[in-house]
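Colleague: Sequence and predicted structure below; questions after.
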Amino acid sequence: MSKILVIADQKDNKIKKSTFEVLSEAKKLADASGSSLEAVILGEAIAQEAKVLAHYGVSKIYTVENSMFKNYLNRPFIDGLKKVIDASSPKLVMVPTSESVKDYLPGLVGATNACGIMDCSAVSLDGGKVQIERPLMAAKAVSKMESSDDLVILSIRSGSFDAVEADTSLSCDIESVDLGTVDIKAVFKELISAQSDRVSLDDANVVIACGRGVKDKSGFELVEKLADVFGAAVGSTRALVENGIAEPSLQVGQTGKVVSPDLYIAVGISGAVQHTAGMSNSKVIVAINKDEEAPIFSLSDYGLVGDLFDIVPKLTEAVKELKAN
Ligand SMILES: Cc1cc2nc3c(=O)[nH]c(=O)nc-3n(C[C@H](O)[C@H](O)[C@H](O)COP(=O)(O)OP(=O)(O)OC[C@H]3O[C@@H](n4cnc5c(N)ncnc54)[C@H](O)[C@@H]3O)c2cc1C
């Protein structure tokens, strides 16, 4: 193994937590295999933020800055990353899974003639071979795969690895790569998205998620109050999204977001596999449910059996009091 390249993910010029998870694992793999570790970040004005990548043991950082990265389009990402992959010539490329990565990765794999595998949860290196594990069918099964291709590009499922502490004494070379002219086939028109001042699900340390048990909008707001005292993100099951109580962007699960916070509190959620596929990597799981047989309890570290309309306000007051003292 010669070189590992990590593609950093960022939003609003801030590197996402999932990047540090992938970098930490990539560094372990690089050290164990005697490979070097490099990173690339693309953005509108990302040079300053890019320096943070060095704190995870990267020996070189590539930056690709262009106003085209302000609003996501796949072509500039594919072109920019192909240029960096050609310059860096890695054996293995790792990138945290995200909506945009799901969109551009097949194009990048085609453009670089690589072996591409999406949404991996474990990676190991054996000589020239890259071995991976990949959860399937709402994480009920795991597929093991191996590639000895010259270039292997993997997207990594959020929460699969722990991020190590950043070592701020570390620094490295930063090379700016020119994106050049991009043959754009589609233009950005408008982004229509839910607006919220709340912490985003992707980066939250605490997620409080509601299920059908909250019944209606006022039950949902009760849980939002609990989230406020925690400074947490609010998540939801698909049941609440389908009946219009929660925004689609809050859905956690197989067809929603995959999250891995330090604390996940599931309120009035039964624990269907399609939901747990999106949260089972959370560090500590607490469930509040009136049915002691609810499957979510088998996954939980702590369970509160009872009526959420009784428990949630009490918990909110208790956390408020604790924070005040
Ligand atoms: C292809 C496919 C993809 C899917 N993708 C997703 C996905 O991404 N995410 C997702 O979440 N779901 C997904 N689903 C739906 C999933 O199968 C479940 O239907 C859904 O997760 C159930 O949501 P729930 O737990 O809120 O509701 P329910 O299963 O109805 O559970 C409600 C729970 O609330 C409890 N409860 C009720 N009242 C109270 C109370 N007063 N106090 C305390 N507890 C109470 C009940 O005991 C129950 O356990 C998908 C389904 C399919 C077929």
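Modeller: Sure, I can see it. Residues are numbered from 1 along each chain as shown.
Colleague: Pop the domain breakdown of this protein in here.
Modeller: Domains of the chain are assigned by automatic domain parsing as 3-176, 206-324.
Colleague: hmm, which helix or strand of this protein has the shakiest average pLDDT?
Modeller: For the chain, counting by mean pLDDT, DSSP states H and E, strand 10-11 ranks last in confidence among helices and strands (a mean of 90).
Colleague: Neighbouring strands of whichever helix or strand comes after that strand in the sheet, and parallel or not?
Modeller: Next helix or strand after strand 10-11 toward the C-terminus (DSSP states H and E): strand 14-15. Applying DSSP bridges, strand 14-15 is found paired with strand 10-11 (antiparallel).
Colleague: where in this protein is pLDDT low?
Modeller: Residue ranges of the chain with pLDDT under 70: 1.
Colleague: For it, which segments count as helices?
Modeller: For the chain, the helices defined by DSSP state H cover 17-33, 47-50, 74-88, 99-112, 217-230, 238-242, 273-276, 308-324.
Colleague: Now for Ser24, how many residues are close by?
Modeller: Other residues near Ser24 number 18, with proximity taken as other CB atoms under 10 Å. For the C-beta atoms, the positions are set from N, CA and C on the backbone; glycine is no exception.
Colleague: right, I mislabeled it, should have said Ala194
Modeller: With other CB under 10 Å as criterion, Ala194 counts 9.
Colleague: quick one: it and Gln251 touch, right?
Modeller: No. Counting by CB atoms under 8 Å, Ala194 does not reach Gln251; the two are 11.4 Å apart.
Colleague: what does the stretch 101-250 of the chain put close to the ligand?
Modeller: Residues of the stretch 101-250 of the chain lying close to the ligand (CB under 6 Å from any ligand atom) are 211-213, 237-239.
Colleague: Among those residues, which pair sits farthest apart?
Modeller: Maximum pairwise distance in these, criterion CB to CB, is 13.9 Å, between Gly213 and Arg238.
Colleague: tell me the contacts of Gly268?
Modeller: Residues counted as contacts of Gly268 (CB atoms under 8 Å, 6 or more residues apart in numbering) are 210-214, 219, 288-289, 308.
Colleague: before we move on, what about Asp301?
Modeller: 284-286.
Colleague: between those residues, which is closest to Gly271?
Modeller: When those are compared against Gly271 (criterion: CB to CB), the nearest one is Ile285, at 9.7 Å.
Colleague: Show me what the closest one bridges to in the sheet.
Modeller: Legend: beta-bridge partners of Ile285 under DSSP bridges are Tyr264.
Colleague: Not counting its neighbours along the chain, what's nearest the residue of the stretch 51-200 of the chain found nearest the ligand?
Modeller: Distances between the stretch 51-200 of the chain and the ligand by CB to the nearest ligand atom are smallest at Ala138, namely 7.7 Å. Among residues not flanking Ala138 along the chain, Ala277 sits closest, at 3.8 Å (CB to CB, 6 or more residues apart in numbering).
Colleague: neighbours around the one you found, how many?
Modeller: Neighbour number of Ala277 under other CB under 10 Å is 21.
Colleague: Find the residue at the geometric middle of the protein.
Modeller: Residue closest to the mean C-alpha point of the chain, counted by CA atoms, centre = their mean, is Ser158 at 3.9 Å.
Colleague: quick one: that one from Ala266, how far?
Modeller: From Ser158 over to Ala266 the distance is 17 Å, taken as CB to CB, to the nearest Å.
Colleague: and if you look at Val52?
Modeller: Using CB to CB, Val52 is found at 32 Å from Ala266.
Colleague: now do Ala246
Modeller: Relative to Ala266, Ala246 is positioned 14 Å away (CB to CB).
Colleague: Just want to know which of these two has more residues nearby.
Modeller: Neighbours were counted for Ala246 and for Ala266 using other CB under 10 Å; Ala266 has more, 31 against 25.
Colleague: give me every residue that touches the nearest residue to that one once chain neighbours are set aside.
Modeller: Counting by CB to CB, 6+ apart, Ala266 lies nearest to Ala287, which is 4.7 Å off, once chain neighbours are set aside. Going by CB under 8 Å, 6+ apart, Ala287 touches 265-266, 269, 271, 294, 296-297, 299-300, 302-304.
Colleague: now swap in Ser300 and tell me
Modeller: With CB under 8 Å, 6+ apart, Ser300 has these contacts: 266, 285-287.
Colleague: out of these, who's near the ligand?
Modeller: Applying CB under 6 Å from any ligand atom to these, none is adjacent to the ligand.
Colleague: of these, closest to Ser147?
Modeller: Lowest distance from Ser147 to the contacts of Ser300 (CB to CB) belongs to Ile285, with 33.4 Å.
Colleague: so the closest one touches Val267, yeah?
Modeller: No. Counting by CB under 8 Å, Ile285 stays clear of Val267, with 11.9 Å between them.
Colleague: re earlier: let me know the closest of the residues of the stretch 101-250 of the chain next to the ligand to Ile78.
Modeller: Closest to Ile78, out of all of these and judged by CB to CB, is Arg238, at 31.3 Å.
Colleague: Fine by me, thanks again.
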